[in-house]
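Asker: no FASTA, just this:
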DNA sequence: AACGGTCATTGATCGATGTCAATTAGGGGC
DNA sequence: GCCCCTAATTGACATCGATCAATGACCGTT
């Protein structure tokens, strides 16, 4: 974790200007925000928050992918969500983390001291309004995943997951075929409520059917998106106002 | 659906004053809110929103229970969440419903015309701040349910579900033993990712073990909460700042 | 290049839970 | 009170996916 000189220290380099917390703010407001903002980075595997530990910052992801997880009583880590750029890491009004947030790629955060942030939200309606938008987006995101888990077969879940990752990536960088899996087989299994072996088997089954190509264990090329979406079955994939 | 004279038309009768959207507002702000607010009621089984249909209102639940669900391609209704008093039914900034919200008990809503609501949020920071709080609460609620579904065994899921209902009820009305199930066996199954038969079997198994008493099919008395929580296993039950 | 550790793959087995099916219980209308 | 319809229960059976286990691939270290 560092907060030294970082390219994003200059907001004009910010990769998520369009959808950031400050995206509704005018120049004056942005200056105000910029004055109290810090940039932090985390290496893959590092904990960003730890359940039960207090945390004085409110932050959003600027770059990278992180998981939302908890260690259950049996010692297993249970993954309940993925965080992408624009997502909120630690919510306002909660000084003790209720989940673990773990970086899965190099992660860059735009951070605010909690008290300062809350004051600022009271003063800048554009910020408050964007904040609740993001919160609702995350709520809906979680709900979508609940619908996905409602699907009974493991094939449907996995196919949906791949389609979702592709969708999420395309939204940011434009049409691609190759996605990088931010999670191990084990973590994917945890996220989808499946055993890691089941994940592995179905991935390779998709490859044998020509739907995907496993470039390496973390890199997947989507060869036939239609077939994948069919395999995903009835899951209505994130209805969004694109 | 009516918006005739209703006791809650007078905010002093509002059962959720403490946690309502307006709970952070002062008297002046409340007057402003009250001026544009309407009360609507729905009978059990009625649709409050329908996926894909436009909806000009933003509303919160004042009384009653509703489900968040979707009809999947196979025609089955998939339940992804429960809505209790204080929850938001239709989010601001979304004019077309992304899910079905269905009343499961008599439901009373506190409603605002969308445009008016959004203007008001910009003007009243206390409202904006409470709004995002609620949104984050709902996000966390959905995440908790994701953790629950991560638990593999059906016993754990069902026991957690009962403990959750009790918890949710106690939070509003104080200590009780008897909970009214707002859902049929089928709907519980859908919510927990189980077959209705599995739900029925485990419920009766709990009863045989003396953990609960099935008063009637919709009414459960919790006899041994500790045993129930043990059966719920490692699910860390909604960590909350009570 | 050999070693050790982690992660992924593949195979074989077993059991929990879904599915199918039949019965019973409850609730509303007349 | 009787009938009908829906929901819940209970039983029997089949199956998907978890679990156990062994092998293989990859990566960093020395």
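Answerer: Arrived safely, thanks for sending. What you see is a predicted model; the values in this text were computed from it and never measured.

Asker: Near DNA strand C, which residues of chain A are found?
Answerer: When proximity is defined as CB under 7 Å from any atom of the strand, chain A approaches DNA strand C at A:152, A:184-186, A:196-197, A:199-201, A:203-204, A:214, A:217-218. C-beta here means a position set from N, CA and C on the backbone, and glycine is covered the same way.

Asker: ok, of these, which come out buried?
Answerer: A:185-186, A:199-201, A:203 (16 or more other CB atoms under 10 Å in any protein chain shown).

Asker: Including secondary structure and pLDDT, could the residues you listed go into a markdown table?
Answerer: As requested, these are exported to a markdown table (DSSP: H, G, I helix; E, B strand; the rest coil; pLDDT from 0 to 100):
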| residue | secondary structure | pLDDT |
| --- | --- | --- |
| A:185 | helix | 97 |
| A:186 | helix | 96 |
| A:199 | helix | 97 |
| A:200 | helix | 97 |
| A:201 | helix | 97 |
| A:203 | helix | 97 |
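
Asker: can you name the two of these that are farthest apart?
Answerer: A:186 and A:201 (13.8 Å; CB to CB).

Asker: quick revisit: a markdown table for the residues of chain A next to DNA strand C, including distance to residue A:163?
Answerer: Compiled in a markdown table, the residues of chain A next to DNA strand C are given as follows (distance: CB to CB, whole Å):
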| residue | distance to residue A:163 |
| --- | --- |
| A:152 | 18 |
| A:184 | 20 |
| A:185 | 18 |
| A:186 | 21 |
| A:196 | 20 |
| A:197 | 22 |
| A:199 | 15 |
| A:200 | 19 |
| A:201 | 19 |
| A:203 | 14 |
| A:204 | 18 |
| A:214 | 16 |
| A:217 | 19 |
| A:218 | 18 |
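
Asker: ok, which stretches of chain A are strands?
Answerer: For chain A, the strands defined by DSSP state E cover A:38-42, A:47-49, A:57-63, A:66-71, A:77-83, A:88-90, A:100-103, A:107-113, A:178-180, A:212-216, A:219-222.

Asker: The second one pairs with which strands, parallel or anti?
Answerer: If you go by DSSP bridges, strand A:47-49 pairs up with strand A:100-103 (antiparallel).

Asker: which residues sit against the partner strand?
Answerer: A:42-51, A:64-71, A:77, A:83, A:89-90 (CB atoms under 8 Å, 6 or more residues apart in numbering or on different chains).

Asker: out of these, which are buried?
Answerer: A:42, A:48-49, A:51, A:64-70, A:83, A:89-90.

Asker: Pass me the low-pLDDT residue ranges in chain A, would you?
Answerer: For chain A, applying pLDDT under 70 flags the ranges A:1-5, A:234-242.

Asker: Residue A:82 pairs with what?
Answerer: Beta-bridge partners recorded for residue A:82 (DSSP bridges): residue A:67.

Asker: Excluding chain neighbours, what is closest to the residue nearest the centre of chain A?
Answerer: By CA atoms, centre = their mean, chain A has its centre lying nearest to residue A:83, at 1.7 Å. Distances taken as CB to CB, 6 or more residues apart in numbering or on different chains place residue A:66 nearest to residue A:83, at 4.4 Å, with adjacent residues excluded.

Asker: who does the lengthiest helix in chain A touch, helix- and strand-wise?
Answerer: When chain A is parsed with DSSP state H, its longest helix is helix A:125-150. Applying 3 or more CB pairs under 8 Å, 6 or more residues apart in numbering or on different chains; DSSP states H and E, one finds that helix A:125-150 contacts helix A:27-36, strand A:77-83, strand A:88-90, helix A:114-123, helix A:154-173, strand B:77-83, helix B:114-123, helix B:125-150.

Asker: export these to TSV and tack on distance to residue B:232?
Answerer: Converted to TSV, those look like this (distance: least, CB to CB, whole Å):
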stretch	distance to residue B:232
helix A:27-36	42
strand A:77-83	14
strand A:88-90	27
helix A:114-123	32
helix A:154-173	24
strand B:77-83	17
helix B:114-123	38
helix B:125-150	9
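
Asker: Kindly reformat those as CSV and extend each row with distance to DNA strand D.
Answerer: Listed next are these as CSV, based on distance: least, CB to the nearest atom of the strand, whole Å:
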stretch, distance to DNA strand D
helix A:27-36, 36
strand A:77-83, 13
strand A:88-90, 27
helix A:114-123, 37
helix A:154-173, 4
strand B:77-83, 11
helix B:114-123, 33
helix B:125-150, 11
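
Asker: Residue A:17 is nearest to which of the ones you listed?
Answerer: Residue A:17 lies closest to helix A:27-36 among those, at 9.9 Å (CB to CB).

Asker: and the closest one, which residues are buried?
Answerer: Residues A:29-30, A:32-33 are the ones in helix A:27-36 that count as buried (16+ other CB under 10 Å).

Asker: if I look at the nearest residue to residue A:214 once chain neighbours are set aside, how far off is chain B?
Answerer: On the basis of CB to CB, 6+ apart, the spatially nearest residue to residue A:214 that is not a chain neighbour turns out to be residue A:207, at 5.1 Å. Note on residue A:207: its distance to chain B, by CB to the nearest CB, to the nearest Å, is 25 Å.

Asker: Next one: residue A:207 relative to residue A:38, how far apart?
Answerer: Separation of residue A:207 from residue A:38 (CB to CB, to the nearest Å): 43 Å.

Asker: picking that back up, can I get the buried ones among the residues of chain A next to DNA strand C in a markdown table with distance to residue A:227?
Answerer: Shown next, in a markdown table, are these (distance: CB to CB, whole Å):
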| residue | distance to residue A:227 |
| --- | --- |
| A:185 | 22 |
| A:186 | 26 |
| A:199 | 18 |
| A:200 | 19 |
| A:201 | 18 |
| A:203 | 14 |
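
Asker: from those, which single one is nearest chain B?
Answerer: Distance to chain B, by CB to the nearest CB, is smallest for residue A:186 among those, at 13.0 Å.

Asker: measure the closest one to residue A:107 for me?
Answerer: Distance from residue A:186 to residue A:107, by CB to CB: 20 Å.

Asker: Could you do residue A:130 as well?
Answerer: Using CB to CB, one obtains 21 Å as the distance from residue A:130 to residue A:107.

Asker: Looking at these two, which is more packed in?
Answerer: residue A:107 (25 against 21; other CB atoms under 10 Å in any protein chain shown).

Asker: So the more buried one is in contact with residue A:47, correct?
Answerer: No - the pair residue A:107 / residue A:47 is not scored as a contact, 10.9 Å apart, by CB atoms under 8 Å.

Asker: What is the neighbour count of the spatially closest residue to residue A:179 that is not a sequence neighbour?
Answerer: Leaving aside its chain neighbours, residue A:179 sits nearest to residue A:165 (5.0 Å; criterion: CB to CB, 6+ apart). Close neighbours of residue A:165, defined as other CB under 10 Å, add up to 21.

Asker: And residue A:165, how far from residue A:144?
Answerer: Residue A:165 is 13 Å from residue A:144, where distance means CB to CB.

Asker: can you check residue A:172 too?
Answerer: From residue A:172 across to residue A:144, the span is 17 Å (CB to CB).

Asker: more crowded one of these two?
Answerer: Under the neighbour definition other CB under 10 Å, residue A:172 and residue A:144 were set side by side, and residue A:144 has more, 23 against 14.

Asker: Report the spatially nearest residue to residue A:140, omitting neighbours in sequence.
Answerer: Residue A:140's closest residue in space is residue B:98 (CB to CB, 6+ apart), at 6.6 Å.

Asker: shouldn't the one you found be in contact with residue A:141?
Answerer: No - Residue B:98 lies out of contact with residue A:141 (CB under 8 Å); the separation is 11.3 Å.
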